[in-house]
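In: my questions concern the predicted model and sequence given below.
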Amino acid sequence: MTDSDALNDAAPEAACAADAPAAAAAPFASVAVIGLGLIGASLAATLAAKMPGVRVFGVDTDAATCATAVERGWCAEAAGPDDAAFRAFVEGPCELVVIATPVAAVDDYLTRLRDWGYTGLVTDTISTKGHILAAAEELLPAPARYVPGHPMAGSEQSGIAGARADLFEGANWILCPDERTAPEDFQHLHEFVCGLEARVVSLRREEHDAAVAIVSHVPHMVASSLMQLASAHADDTGSIMRLAAGGFKDTTRIAAGSPKLWCGIAFDNAEALRDGLAEMAAIIGSFADALAAGDRDTFTRLLAEAADARRALPAAWVPSTEKLLEVRIPMVNRTGVVAEVCTIASSVGCNIQSIDIDHISEGNAVLSLILTDEGDVGALSLQLINAGFSVSFSPIMPKEYAHVD
Ligand SMILES: NC(=O)C1=CN([C@@H]2O[C@H](COP(=O)(O)OP(=O)(O)OC[C@H]3O[C@@H](n4cnc5c(N)ncnc54)[C@H](O)[C@@H]3O)[C@@H](O)[C@H]2O)C=CC1
Ligand SMILES: O=C(O)C(=O)Cc1ccc(O)cc1
């Protein structure tokens, strides 16, 4: 039994305590968080609050940031990258490394992990995967144990000053397993992310950058462009800015984000961002064209399509605890089952609440997923069958579920 098994075994009682906020089961006993800025420090703060048994070692080049993280009780220890204690932690108890720095710092840490012979799990929070995927493949001693991650939550603030223990609550957290990802590794990472009260969305790693260009990187550049436009029209007194109503503020909040961080993100996702910006320019052009042509129908259609799409944006979902569904999938003679199944489930909007692997015999296991009442279960079933899986679904009662963990 590993340390983390022991933690897991101890967790159900804690999770049942009715009065205090329950501590989540901790799949890792010791975690290194590299980069203690908005995201890394929020992760450390969340772990301290929700998985207090986890020993977090923080790493940051800024000594004051390290001191703050320890003072606040978010990290047991925190140090600069050259501190011997960091190497000792990686070579010793560390079970998970989370890289939460700007993308420019990635090579340095992957090289250190290589030089220190680290073969444990590695994930990250970096907004783009262009660089880190290639670097992890080249540098990590166990590249199959790198699972790209990306919390789709944050803010326009930077550094530990903006960090919050509730930043990830209800947020989507992308994980990108591939066919080499060991089922147990993905199961533990899934538990880790769910323990932060975020929701895992599985995505093929090669699709990540194009997808986030559309929902995150182009919007950031559009928000910045709106501020450029307004600034160009502001006189010395800035009076035009005082006219800005809620809509302007809603659509430009993210423009206050760190220019250095966002320049790094843009250049690591240059191709998808360029394509997205060109599409965006064409869409803005179609409004201008309709105006020039006096074409009210087209103009109204463009607005109406956008209004419908905005109203249909998924609201925060409160899953019904009465409608859980278990999906059981034999994993005989097939690698990459977990990555494939979870990616299919996410693509049809299904939310996996927990993952269990029942080992039936040597080399023979059944993957058991507990789904909440979200997404298109019919499409899930069809796609899994088309992908060659033999699947069985059964509704489960909340009481039964209490014993699944
Ligand atoms: N800001 C946001 O809303 C989100 C950011 N991300 C991604 O997460 C990562 C971190 O972003 P933020 O926390 O917002 O950045 P941040 O600017 O708030 O913090 C970065 C931290 O990394 C430290 N740092 C810089 N270089 C370092 C190095 N070589 N070694 C150790 N520490 C170093 C800085 O001192 C700082 O504390 C980035 O890759 C970003 O793209 C992901 C989701 C949301
Ligand atoms: O502030 C917000 O609303 C964001 O959308 C933050 C954000 C910034 C960068 C990411 O890669 C993901 C999320």
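Out: Thanks, I have the structure now. Ligands and ions are numbered 1, 2, ... in the order given.
In: where's residue 46 relative to residue 56, distance?
Out: When distance is defined by C-beta to C-beta, to the nearest Å, residue 46 is 10 Å away from residue 56. No exception for glycine: its C-beta is placed from N, CA and C like everyone else's.
In: in three-state terms, label the closest residue to ligand 2 within the stretch 301-405 of the chain for me.
Out: Closest approach between the stretch 301-405 of the chain and ligand 2, counting by C-beta to the nearest ligand atom: residue 313, at 13.2 Å. Per DSSP: H, G, I helix; E, B strand; the rest coil, the secondary structure class of residue 313 is coil.
In: that one - how many residues pack around it?
Out: Residues lying near residue 313 (other C-beta atoms under 10 Å) number 6.
In: same check on residue 114?
Out: So residue 114, with other C-beta under 10 Å, has 13 neighbours.
In: show me where pLDDT drops low in this protein?
Out: 1-22, 24-25, 333, 398-405 (pLDDT under 70).
In: which residues in it form strands?
Out: For the chain, the strands defined by DSSP state E cover 30-34, 55-59, 77-79, 96-99, 121-124, 149-151, 172-175, 199-202, 324-330, 352-361, 364-371, 392-396.
In: can you list contacts of stretch 200-207?
Out: 129, 133, 148, 152, 172-178, 190, 193-194, 211, 339, 342-343, 345-346, 352 (C-beta atoms under 8 Å, 6 or more residues apart in numbering).
In: oops, could you answer that again for stretch 122-139 instead?
Out: So stretch 122-139 is in contact with 39-40, 43, 96-103, 106-107, 110-111, 113-114, 140, 143, 145-151, 175-176, 189, 205, 208-209, 212, 216-217, 265, 268-269, going by C-beta under 8 Å, 6+ apart.
In: so what's the residue in the stretch 151-300 of the chain positioned nearest to ligand 2 up against?
Out: The nearest approach of the stretch 151-300 of the chain to ligand 2 comes at residue 154, 3.2 Å away (C-beta to the nearest ligand atom). Neighbour list for residue 154: 38, 39, 167 [criterion: C-beta under 8 Å, 6+ apart].
In: residue 46 and residue 56: which has the busier surroundings?
Out: Neighbour tally, residue 46 and residue 56, criterion other C-beta under 10 Å: the higher count belongs to residue 56, 27 against 23.
In: sorry, back to before: and the contacts of stretch 122-139, which are buried?
Out: With burial judged by 16 or more other C-beta atoms under 10 Å, the buried subset of the contacts of stretch 122-139 is 39-40, 43, 96-103, 106, 110, 113, 140, 143, 145-151, 175-176, 189, 205, 208-209, 212, 216-217, 265, 268-269.
In: near ligand 1, which of those residues show up?
Out: Filtering the buried ones among the contacts of stretch 122-139 for neighbours of ligand 1 using C-beta under 6 Å from any ligand atom leaves 39, 40, 100, 101, 102, 103, 151, 265.
In: filter the contacts of stretch 200-207 down to the ones near ligand 2?
Out: Answer for the contacts of stretch 200-207 near ligand 2 (C-beta under 6 Å from any ligand atom): residue 152.
In: need the buried ones from the contacts of stretch 200-207 selected in ChimeraX.
Out: Here is the ChimeraX command that selects only those of the contacts of stretch 200-207 that count as buried (16+ other C-beta under 10 Å):
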select :129,133,148,152,172,173,174,175,176,177,178,190,193,194,339,342,343,345,346,352
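In: what number of residues lie near residue 156?
Out: That count, for residue 156 with other C-beta under 10 Å as the rule, works out to 15.
In: ends of stretch 199-210, what's the gap?
Out: Taking C-alpha to C-alpha, to the nearest Å, stretch 199-210 runs 21 Å from one end to the other.
In: which of the residues in it are buried?
Out: 199, 200, 201, 202, 203, 205, 208, 209.
In: got the contact list for the last one?
Out: It refers to residue 209. 128, 129, 130, 269, 272 are the contacts of residue 209 under C-beta under 8 Å, 6+ apart.
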